[in-house]
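>>> Whatever this is, show me its structure:
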Amino acid sequence: MTAPAPHRPVSIRLINGTGASLRKLGVPLLDLDEARLLHAARSSARLEDFGGEHFRAGFRRLLESIEAEAHLNLIGRITARAMLLNYLVNRLQLHDHRKRHPELEQQEIRQPLFILGLPRTGTTILFNLLAQDPRNRTPLTWEVQWPYPPPRRASFETDPRIEKMAKQLSNLPKIAPNLNAIHEFASELPQECVAITGHEFLSVQFHIIFNVPSYQDWLDRQSFVPGLEFHRRFLQHLQSEYAKERWILKSPGHLAVIEDLVEVYPDARIVHTHRDPVDVMPSAASLSWTLRGMSTDVLDPHVVGRQQAEVWAENLRRAVRARERLRARERQFFDVYYEDVLKDPVDVVERIYAHFEIPFSQDVRQRMQAFVSRNPRGRFGTHRYSLEDFGLDRATENARFAEYRERFACSAQR
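Model prediction:
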């Protein structure tokens, strides 16, 4: 068995079929030229200052990699351009707002709780459960997509950006009908940090969504401190009109940059999730395969599988080294195992709260249990995949992830 071909309704095939002709005509919606994208963002926002030039290196590398390697079809080019333009416009608006409100620099981000771990290790259910606590603030999809103006407490649940985001996401099932069975997307669900650091063009999300291996190679050599400093400013902006006791944040990308994370957030509380990586890889590959399949007609499941295994092996290698070097700060970490999340996720959350000395009330427990009841596993259908679907061999992957599995005792035999 091999991974199925990307879903292509007739309407989508017809649209993509016009791509080559439209590119020859120079249609602006397909333009991924650096200078013209920057000009388009400035024109759209009617602003000039992006807030520094550091982002330009990653932006340029990403554009080069997309053009050379991603093989985007028409919808892919429109999608990539819209994503990049949105990030640029957000940067312009956020920086302009901050210049007009310098007091934002004094906004405190106290003891944020970060969830980090491989995809498919229980991070999403923990993220969603922690969002049920009224004292916790999670960045939601709609406010990360359009953070300006800063969301206000009084209109947080009725902001028109919520419906705008919902309409945009409603198109996903037309292109990838099984996507929600792999990872749910919704306007008011918590959003991962990869979409925030994406504004600095420092994010593993780009290589998950598009085939951009040269960009990922560049990313692996970068400090994430600038991206996380942008991340802090982003949170300050979001909470300026609507703050709670603590931020709850999540990203698999943080695995590779734990030391940068604690440099920018010295008082961070970190929940590190664990599962046998060999069991995770086909699922991670399947997610990337599905997301890339929305934007390209050139897909090799074996290439996707190899790339995902290499990226996450490197991220786990860095995580193991970072945890060793940060042993003196071990109290800042709490390790969670996927099997325990499956068994009783609310109990896992209660233990997280106890470890970090956060009060866990009966009301919070009931809210979380109600969420679990409303959202059973497989609610959006089942999703089947195997190592072989993506050209992965169990013996090879066992060896690739041996160091991590030994350090955190998370092999299948645990």
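
>>> send the alpha carbons of stretch 342-351 over as PDB?
Extracted in PDB, the C-alpha atoms of stretch 342-351 (Å, rounded to 0.1, in the frame of the first residue of the first chain):
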ATOM      1  CA  LEU A 342      -4.800   8.400  26.100                       C
ATOM      2  CA  LYS A 343      -5.800   6.800  29.400                       C
ATOM      3  CA  ASP A 344      -6.900   9.900  31.300                       C
ATOM      4  CA  PRO A 345      -6.000  13.300  29.900                       C
ATOM      5  CA  VAL A 346      -7.700  15.200  32.700                       C
ATOM      6  CA  ASP A 347      -5.600  13.400  35.200                       C
ATOM      7  CA  VAL A 348      -2.500  14.300  33.300                       C
ATOM      8  CA  VAL A 349      -3.500  18.000  33.400                       C
ATOM      9  CA  GLU A 350      -4.100  17.800  37.100                       C
ATOM     10  CA  ARG A 351      -0.600  16.400  37.500                       C
END
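
>>> Helix or strand, whichever it is, which one in this protein has the lowest mean pLDDT?
None of the helices or strands of the chain scores lower by mean pLDDT, DSSP states H and E than helix 19-24, at a mean of 54.

>>> which element follows it toward the C-terminus?
helix 34-45 (DSSP states H and E).

>>> Quick one: name whatever helix or strand follows that next one.
Remark: after helix 34-45, the chain's next helix or strand is helix 55-65, criterion DSSP H and E.

>>> counting contacts, what elements does the next helix-or-strand element following that next one pack onto?
Once helix 55-65 ends, the next helix or strand along the chain (criterion: DSSP H and E) is helix 74-100. Applying 3 or more Cβ pairs under 8 Å, 6 or more residues apart in numbering; DSSP states H and E, one finds that helix 74-100 contacts helix 10-17, helix 19-24, helix 34-45, helix 55-65, helix 225-239. Where you see a C-beta, it was placed from the backbone N, CA and C, and this is true even at glycine.

>>> measure stretch 133-150 end to end?
22 Å (Cα to Cα, to the nearest Å).

>>> Show me what counts as buried in it.
By neighbour count on 16 or more other Cβ atoms under 10 Å, the buried set for stretch 133-150 is 133, 136-148, 150.

>>> which of these lies closest to G305?
Proximity of these to G305 was ranked by Cβ to Cβ; the top entry is T141 with 28.0 Å.

>>> Could you report the neighbour count for the nearest residue to that closest one once chain neighbours are set aside?
Spatial nearest neighbour of T141, excluding adjacent residues (Cβ to Cβ, 6 or more residues apart in numbering): Q191 at 4.6 Å. When neighbours are defined as other Cβ atoms under 10 Å, Q191 has 23 of them.

>>> For V320, the count of nearby residues, please.
17.

>>> Would you pull up how far the helix or strand hosting it lies from the middle of the chain?
Using DSSP H and E, V320 sits within helix 301-325. Its chain's C-alpha centre and that of helix 301-325 lie 16 Å apart, by Cα atoms, centre = their mean, to the nearest Å.

>>> what's in contact with the very next helix or strand once past it?
Next helix or strand after helix 301-325 toward the C-terminus (DSSP H and E): strand 333-337. For strand 333-337, contacts defined as Cβ atoms under 8 Å, 6 or more residues apart in numbering pick out 117, 122, 126, 269-275, 323, 326, 348, 351-352, 355-356, 408, 410, 414.
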